[in-house]
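Undergrad: Whatever this is, show me its structure:
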Amino acid sequence: MAGFSVQRYAPEQSAWGRLTARDSMVRRLDWPLLGSAVALSFIGSLLVWSATRGRDSLTHGDPYYFLLRHALNTGIGIALMIGTIWLGHRTLRGAVPVLYGLSVVLVLVVLTPLGATVNGAHAWILLPGGFSLQPSEFTKITIILGMAMLLAARVDAGDQLHPDHRTVAKALGLAALPMAIVMGMPDLGSVMVMVVIVLGVLLASGASNRWIFGLLGAGVAGAVAVWQLGLLDDYQIARFAAFANPALDPVGVGYNTNQARIAIGSGGLYGTGLFQGTQTTGQFVPEQQTDFVFTVAGEELGFLGAGLILVLLGVVLWRACRIARETTELYGTVVAAGIIAWFAFQSFENIGMTLGIMPVAGLPLPFVSYGGSSMFAVWVAIGLLQSIRVQRPITA
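TA: Below you'll find the predicted structure:
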């Protein structure tokens, strides 16, 4: 990788122990990154509240039900971020085998009677108190950490300039196991994100381009094979058909996308005002607090409000790219690159499906959509990015 220099680190060295009073951890945090993530979660709280406050069948008669739970999820997510910074990404590097094994066990549990089906995907574990867990969200993190650990080990030790073919093959095998399990749920949306993560990690690691082109070719061949062999569920096929031809079934499988377009288009430049959207209050758009939360922004906050969300997501990606570029260890660069690929693709897919330029895949909008598992995972990712920045070498 051009401009990349190798530097050795003591693995037991924590973020706190390396920092002096003059150059404190707080001062070294990436505040634009943190501020943008907090702003997105705050906006998400308002959008989730607007989308659910009048839906008694979902809120059990409490208009604040989803607002309070979304705020709680955000608070827990921020606590997980702080814990991740405190531990440090290098400490977590040593715990990757345990974390990876736990994530594989959890996605396997989904396939047992403890698993539950939501919107056609058997991807959830029901917990006491009405809570649920989607293990595939945390699997994204363990794939990033596991692949980074393998790909960067010999490079950061100074033994290699780039990962060799054997190391890349091991890293791909590590990612393939949980991806195969998630695909069997089936949770096609999460698998799509994981594929993009793998490609982003390989590109950042300096792996041979033959692996990149080979994976792209294998992906195309695999997609054709899955389609021809009829391995997709009927609802997944219908979603792709509706994406290719929105007029195919406007009151059936194409209903969500059509209503989403109407909601966003009705907002105009300034929007109808928070809690004033007729499409939202009329409950015309399904899953509006989760997958289609961007439609609330488009209708009630207009082009300017929806554009603000895009700007904040752009700031998150910009700061993450800067962190990836400035770190002097390949492990940190690869971890940051995996997170960038994850956030970028998932945001594009979520917003794209509301606009009709991407197929509906059931992916939440990072920091904005309602959902505990997704919120916890993205805030852990922010903690990893902050740890990479905080543990940069201190220059005189």
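Undergrad: Output the contacting helices and strands for the host helix or strand of residue 377.
TA: Under the criterion of DSSP states H and E, residue 377 resides in helix 372-390. Judged by 3 or more Cβ pairs under 8 Å, 6 or more residues apart in numbering; DSSP states H and E, helix 372-390 is in contact with helix 25-28, helix 31-52, helix 65-87, helix 89-94, strand 132-133, helix 135-156, helix 302-326, helix 330-355. Every residue, glycine included, has its C-beta placed from N, CA and C.
Undergrad: go again using 6 Å as the cut-off
TA: The contact analysis (3 or more Cβ pairs under 6 Å, 6 or more residues apart in numbering; DSSP states H and E) places helix 372-390 against helix 65-87, helix 89-94, helix 135-156, helix 302-326, helix 330-355.
Undergrad: Pull out the buried positions in the longest one.
TA: Which is helix 330-355. Of all the residues in helix 330-355, those buried under the rule 16 or more other Cβ atoms under 10 Å are 330-347, 349-354.
Undergrad: before we move on, what about the second one?
TA: By neighbour count, and taking 16+ other Cβ under 10 Å as the criterion, the buried residues in helix 89-94 are 89, 90, 91, 92, 93.
Undergrad: Identify each buried residue in whichever helix or strand comes after it, please.
TA: For helix 89-94, the following helix or strand on the C-terminal side (DSSP H and E) is helix 96-110. Neighbour counts using 16+ other Cβ under 10 Å place 96, 100, 103, 104, 106, 107, 110 of helix 96-110 among the buried residues.
Undergrad: Of these, which is the nearest to residue 391?
TA: Nearest to residue 391 among the buried residues of helix 96-110: residue 96, at 16.6 Å, using Cβ to Cβ.
Undergrad: The helices and strands packed on helix 372-390: lowest mean pLDDT?
TA: Lowest mean pLDDT of these: helix 89-94, a mean of 88.
Undergrad: could you say what helices and strands it packs with?
TA: Contacts defined by 3+ Cβ pairs under 6 Å, 6+ apart place helix 89-94 against helix 372-390.
Undergrad: pLDDT (mean, whole number) over the helix it packs on?
TA: Mean pLDDT, computed over helix 372-390, is 95.
Undergrad: And for it, what's in contact with it?
TA: Helix 372-390 is contacted from outside by 15, 25, 28-30, 37, 73, 77-78, 80-81, 84-85, 88-89, 133-134, 137-138, 141, 320, 323, 327, 332, 335-336, 339, 364, 366-367, using Cβ atoms under 6 Å, 6 or more residues apart in numbering.
Undergrad: Between helix 31-52 and that helix, find me the angle.
TA: For helix 372-390 against helix 31-52, the angle by axes from the mean of the first three to the mean of the last three Cα atoms, to 10 degrees is 170 degrees.
Undergrad: which parts of helix 372-390 are buried?
TA: By 16+ other Cβ under 10 Å, the buried positions in helix 372-390 come out as 372-390.
Undergrad: quick one on the thing from earlier: give me the buried entries from the contacts of helix 372-390.
TA: When the contacts of helix 372-390 are checked for burial by 16+ other Cβ under 10 Å, the buried set is 15, 25, 28, 30, 37, 73, 77-78, 80-81, 84-85, 88-89, 133-134, 137-138, 141, 320, 323, 327, 332, 335-336, 339, 364, 366-367.
Undergrad: Looking at this protein, which strand is longest?
TA: If you go by DSSP state E, the chain has its longest strand at strand 121-126.
Undergrad: measure residue 197 to residue 336 for me?
TA: Distance from residue 197 to residue 336, counting by Cβ to Cβ, to the nearest Å: 12 Å.
Undergrad: What of residue 96?
TA: Residue 96 is 16 Å from residue 336, where distance means Cβ to Cβ.
Undergrad: for residue 265, same thing?
TA: Distance of residue 265 to residue 336, computed by Cβ to Cβ: 36 Å.
Undergrad: Can you list the low-confidence ranges for the stretch 1-150 of the chain?
TA: Within the stretch 1-150 of the chain, the stretches with pLDDT under 70 are 1-23, 119-121, 129-130.
Undergrad: Swap in 90 and give it another go.
TA: The stretch 1-150 of the chain contains residues with pLDDT under 90 at 1-28, 53-63, 88-94, 110-133.
Undergrad: Based on its surroundings, how many neighbours for residue 180?
TA: 11 (other Cβ atoms under 10 Å).
Undergrad: now swap in residue 183 and tell me
TA: Counted with other Cβ under 10 Å, residue 183 comes out at 15.
Undergrad: Now do the contacts for the residue nearest to it when sequence neighbours are not counted.
TA: Using Cβ to Cβ, 6 or more residues apart in numbering and skipping residues adjacent in sequence, the residue nearest residue 183 is residue 191, 5.0 Å away. Contacts for residue 191 (Cβ under 6 Å, 6+ apart) come out as 179, 182, 183.
Undergrad: Please apply the same query to residue 260.
TA: Neighbouring residues of residue 260 by Cβ under 6 Å, 6+ apart: 285, 292, 295, 354.
Undergrad: switch the cut-off to 10 Å
TA: Shown in contact with residue 260 (Cβ atoms under 10 Å, 6 or more residues apart in numbering): 279, 284-288, 291-292, 294-295, 298-299, 353-356, 360.
Undergrad: Quote the end-to-end distance of stretch 125-134.
TA: Stretch 125-134 stretches 6 Å from its first residue to its last (Cα to Cα, to the nearest Å).
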